[in-house]
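Peer 1: Output the structure for:
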Amino acid sequence: QVQLVESGGGLVQAGGSLRLSCAASGSIFNINDMGWFRQAPGKQRELVAGITSVGITNYADSVKGRFTVSRDNAKNTVYLQMNSLKPEDTAVYYCNAVVLVSGRLTYIEVWGRGTLVTVSE
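Peer 2: Numbering: from 1, shown residues only. From the prediction side, this is the model:
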């Protein structure tokens, strides 16, 4: 009923930038928190950045000062601007949203399929 589709991943050299986008579609009545997680090979999925419906943000310590999360509520879209990328940022990045589906009474958590970000030396 609700889908999240990420875009913007790819290969970039260390020190470069990428911008990820994630658009939510489907039977959406409201979206609460949105955010980005990542999972590197052999590691657990971790929170990168989150943003509430009113724009309050939080970041993992490892990306503070380099990454910026933002959202466009009118477009049901969340973005992740990644600057000064490092090889250790290499991972599959997943979009996440807490969504109230039209006609339902409770919020559900929805995940995108992920987009690969590779940062070379």
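Peer 1: List phi and psi for residue 88.
Peer 2: phi -70, psi -10 (degrees, to the nearest 10).
Peer 1: ok, now how distant is it from residue 38?
Peer 2: 11 Å (CB to CB, to the nearest Å). For glycine as for every other residue, the C-beta is placed from the backbone atoms N, C-alpha and C.
Peer 1: With neighbour numbers in mind, choose between these two.
Peer 2: residue 38 (23 against 10; other CB atoms under 10 Å).
Peer 1: Now do the contacts for the more buried one.
Peer 2: 45-46, 48, 89, 91-94, 117 (CB atoms under 8 Å, 6 or more residues apart in numbering).
Peer 1: Check residue 111 too.
Peer 2: 4, 94-96.
Peer 1: Name the nearest residue to residue 6, sequence neighbours excluded.
Peer 2: residue 115 (4.2 Å; CB to CB, 6 or more residues apart in numbering).
Peer 1: The one you found reaches residue 20, doesn't it?
Peer 2: Yes. The pair residue 115 / residue 20 is scored as a contact, 6.3 Å apart, by CB atoms under 8 Å.
Peer 1: Overlap of the contact sets of these two?
Peer 2: With CB under 8 Å, 6+ apart as the test, residue 115 and residue 20 both reach 6-9, 93.
Peer 1: Among those, which ones are in strands?
Peer 2: Among the shared contacts of residue 115 and residue 20, DSSP state E puts 6-7, 93 in strands.
Peer 1: so what's the spatially most central residue of the chain up against?
Peer 2: The residue lying closest to the centre of the chain (CA atoms, centre = their mean) is residue 36, at 2.7 Å. By CB under 8 Å, 6+ apart, residue 36 lies in contact with 20, 22, 47-50, 69, 78, 80, 93-96.
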